[in-house]
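> Sharing a sequence plus its predicted fold:
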Amino acid sequence: MAKENDMDLVKIADKANPPVCKIMNYGKYKFEMAKKEKESRKNQRVIDIKEVRLSVNIDTHDFETKVGHARKFANKGAKIKVSIRFRGREFGHSEIGYEIMNRFAKSCEEFADVENPAKLEGRVMLMFLVPKLKSKANSK
């Protein structure tokens, strides 16, 4: 029947008893599947994670520079990983790290939201920010 209609006989479920087959144009089917896959890949968005490293004894100008970097990353749509590494005796003053992280989050609140608040993991304090561009797109 497939040869008469100039089509292909395609085995759908070969483990079934009897095997299930379908008469179709296999080339057209493969083309349609490739087209769907390409379309789904085009709509998919890879999220970049950019890191901003702070220090416990960061000065105001350096701090503002880091906020500027975070703004640039957020405008490009990337997640921002903010980290502070404690060295030596700095580790005994983790409350200073929390203050710096909170100040950084407050400085970035016009263009980014806090996804994960500051958390101490070993000698490194981490916080994640996401750009507000996504929340604006979802509300429209």
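Structure received.
> okay, now Leu54: neighbour count?
Look at Leu54: counted by other CB atoms under 10 Å, it has 20 neighbours. (Glycine included, C-beta is placed from N, CA and C.)
> check which helix or strand covers the closest residue to it other than its chain neighbours.
Computed as CB to CB, 6 or more residues apart in numbering, the closest residue to Leu54 that is not its neighbour in sequence is Ile84, at 4.9 Å. Per DSSP states H and E: Ile84 is located in strand 79-85.
> now swap in Glu64 and tell me
Assigned by DSSP H and E, Glu64 falls in helix 60-75.
> Show me which residues of that helix are buried.
Phe63, Lys66, Val67, Ala70, Arg71, Phe73, Ala74 (16 or more other CB atoms under 10 Å).
> Mind naming the longest helix for this protein?
Counting by DSSP state H, the longest helix found in the chain is helix 26-43.
> so what are the domain limits for the chain?
Recorded structural domains for the chain (assignment: automatic domain parsing) are 8-43, 49-139.
> Could you check how far the next helix or strand after the strand holding Ile84 is from the centre of its chain?
As assigned by DSSP H and E, the chain's next helix or strand after strand 79-85 is helix 94-108. Offset of helix 94-108 from its chain centre (CA atoms, centre = their mean, to the nearest Å): 23 Å.
> list the helices and strands helix 94-108 packs on?
Contact partners of helix 94-108 among helices and strands, from 3 or more CB pairs under 8 Å, 6 or more residues apart in numbering; DSSP states H and E: strand 49-54, helix 60-75, strand 79-85, strand 112-121, strand 124-131.
> and Ile49, what does it touch?
Ala78, Lys79, Ile80, Lys81 (CB atoms under 8 Å, 6 or more residues apart in numbering).
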